[in-house]
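[1] Can you look at this prediction? I've put the sequence above it.
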Amino acid sequence: MTIRSRIIGVGGYLPERVVTNAELAARVDTSDEWIIERTGIRQRHVAAEGQKTSDLAIAAARKALAHAGLSGADLDLIVVATATPDNTFPATATRVQAALGMTGGFAFDVQAVCSGFIFALSTADNFVKSGQVKTALVIGAETFSRILDWEDRGTCVLFGDGAGAVVLRAEDGRGTNQDNGILSTHLHSDGRHYDLLHVDGGPSSTQTVGHLRMEGREVFRHAVSNLAAVVDEALSHNGLSAQNLDWLVPHQANKRILEGTARKLHLSPDRVVMTVDRHANTSAASVPLALSEAVGDGRIKSGDLVLLEAMGGGFTWGAALVRM
Ligand code: ACO
């Protein structure tokens, strides 16, 4: 018998306020047509004044716990993936821990920007597989609206705020690719590309929060090739091919990146969960938000083979193959 982490609950939360492309076009030199054609984005959700990353994370976490039929007291571990924490420290995860009434175990943050959820999922999965943790909550939560330069049309149209969460529970498996649970995770980074997608501030560099800066075309180019490679790696590691996949749940950065990855896999677009049109890029929140939407509306069912993948600043990128 081998221990597997099974996803037993999912949940997502989006702030109430919706900002349309037309509203952005009134602010910077852009248009609804340009944004839709280049990115597929039609709108994004933006946190209310005073609404923090932890507020979004807690709302998503409560839904995931309710879906799993558990409470905060049942958790041994919380990992929050975020690049937009409430404060430099303590970890946003500890605020979530207190709000959920979890007094034992431990909680910490993981930072891998848009790949953060995959990195957090992999971290929690390894704690479960090692036997150190039985029940874990993994959250991706972001308020990118706080670090955008709202004068920069090249970036301000691309991102939104939100949070998504999953609950993992240790279960016995036979160690085959038919087991329910996380089959494998695959993580990568290449720090040579630090400057292509970064925030130009921080406590030890400028003592300011800073704004997101991006070489969009370069990021796009690396995203397509890195994502295709890590998807192949995850499938071949498990002796599976894209034909075995029921669903691809990709990081939601740009409709053209999603479609490019699906084409490389010869996967029909109706097997790809897409939320980027309504959520824009919510960084670490995008994969769990898309997963919870597709589980919630009944598209993803128990036993389905689902591939999660993401790429973000650093660069960082990764994938997780999951049998639901
Ligand atoms: N509205 C109108 N015009 C714009 C806008 C805008 N919002 N933004 C840029 N432009 C202009 C540029 O100024 C440029 O004009 P110029 O030719 O006069 O200089 C022109 O459009 C073309 O700009 P490009 O940057 O070459 O346009 P591109 O087709 O590459 O699309 C985009 C830009 C959408 C940012 C694309 O490069 C992209 O999606 N890159 C990936 C970025 C990404 O997703 N990052 C997220 C984090 S990492 C990840 O999640 C994968």
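    Looks like it arrived, so ask away. Numbers count the residues shown, from 1 in each chain.
[2] switch to C-alpha atoms for all contacts and neighbour counts from now on
    OK.
[3] Quickly check: stretch 82-101 near the ligand or not.
    No. Shown here: stretch 82-101 not in contact with the ligand (Cα under 6 Å from any ligand atom), separated by at least 11.8 Å.
[4] Now R271. Nearest residue, chain neighbours left out?
    In space, not counting the residues next to it along the chain, R271 is nearest to W247; the distance is 5.0 Å by Cα to Cα, 6 or more residues apart in numbering.
[5] show me the contacts for the one you found.
    The contact partners of W247, taken as Cα atoms under 8 Å, 6 or more residues apart in numbering, are R271, V272, V273, I300, D304, L305, V306, L307.
[6] Of these, which belong to strands?
    Counting by DSSP state E, those place L305, V306, L307 in strands.
[7] Stretch 295-302: end-to-end distance?
    Using Cα to Cα, to the nearest Å, the end-to-end distance of stretch 295-302 comes out at 9 Å.
[8] number of nearby residues for the residue of the stretch 1-150 of the chain found nearest the ligand?
    Across the stretch 1-150 of the chain, no residue is closer to the ligand than T30, which sits at 3.6 Å (Cα to the nearest ligand atom). A total of 16 residues lie near T30 under the criterion other Cα atoms under 10 Å.
[9] Quick check: it is in a strand.
    No. Looking at T30 with DSSP: H, G, I helix; E, B strand; the rest coil, it is coil, so not inside a strand.
[10] so what's the closest residue to it other than its chain neighbours up against?
    When the adjacent residues along the chain are set aside, T30 lies closest to R153, with 6.7 Å between them (Cα to Cα, 6+ apart). With contacts defined as Cα under 8 Å, 6+ apart, R153 is in contact with V28, D29, T30.
[11] Is K63 in contact with G12, as I believe?
    Yes. The pair K63 and G12 qualifies as a contact (Cα atoms under 8 Å) at a distance of 6.9 Å.
[12] Those two: which has the busier surroundings?
    Shown here are K63 and G12; by other Cα under 10 Å, G12 has more neighbours (30 against 20).
[13] would you say that one is within a strand?
    Yes. Secondary structure assignment places G12 in a strand (three-state DSSP).
[14] which ones are touching it?
    Applying Cα under 8 Å, 6+ apart to G12 gives the contacts 59-61, 63-64, 162-165, 288-289, 292-293.
[15] what about H188, how many neighbours?
    Counted with other Cα under 10 Å, residues neighbouring H188 total 15.
[16] Distance check, it against A124.
    Here H188 is placed at a distance of 17 Å from A124 (Cα to Cα).
[17] Same check on L245?
    In this structure, L245 lies at 23 Å from A124, with Cα to Cα as the measure.
[18] How about L307?
    L307 sits 17 Å away from A124, taking Cα to Cα as the criterion.
[19] about what we covered before: which of L245 and A124 has more neighbours?
    Comparing L245 with A124 by other Cα under 10 Å, the one with more neighbours is A124, at 24 against 19.
[20] now check whatever helix or strand that one lives in, is it near the ligand?
    Of the helices and strands defined by DSSP states H and E, A124 is found in helix 116-129. No. No part of helix 116-129 sits near the ligand under the criterion Cα under 6 Å from any ligand atom; the closest distance found is 10.7 Å.
[21] tell me the mean pLDDT over the very next helix or strand once past that helix?
    Next along the chain after helix 116-129, taking DSSP H and E as the criterion, comes strand 135-143. Mean per-residue pLDDT for strand 135-143: 98.
[22] count of neighbours near V322?
    25.
[23] helix, strand or coil for it?
    When classified by three-state DSSP, V322 comes out as strand.
[24] C-alpha coordinates for the helix or strand bottoming out on mean pLDDT in the chain, PDB please?
    When each helix and strand of the chain is scored by mean pLDDT, DSSP states H and E, helix 255-264 comes last, with a mean of 90. Output of helix 255-264 as PDB, limited to C-alpha atoms (Å, rounded to 0.1, in the frame of the first residue of the first chain):
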ATOM      1  CA  LYS A 255      -6.800  32.100 -24.200                       C
ATOM      2  CA  ARG A 256      -4.100  31.700 -26.900                       C
ATOM      3  CA  ILE A 257      -1.700  30.000 -24.500                       C
ATOM      4  CA  LEU A 258      -4.500  27.600 -23.400                       C
ATOM      5  CA  GLU A 259      -5.400  26.800 -27.000                       C
ATOM      6  CA  GLY A 260      -1.800  26.400 -28.000                       C
ATOM      7  CA  THR A 261      -1.200  23.800 -25.200                       C
ATOM      8  CA  ALA A 262      -4.400  21.900 -26.100                       C
ATOM      9  CA  ARG A 263      -3.400  21.800 -29.800                       C
ATOM     10  CA  LYS A 264       0.000  20.400 -28.900                       C
END
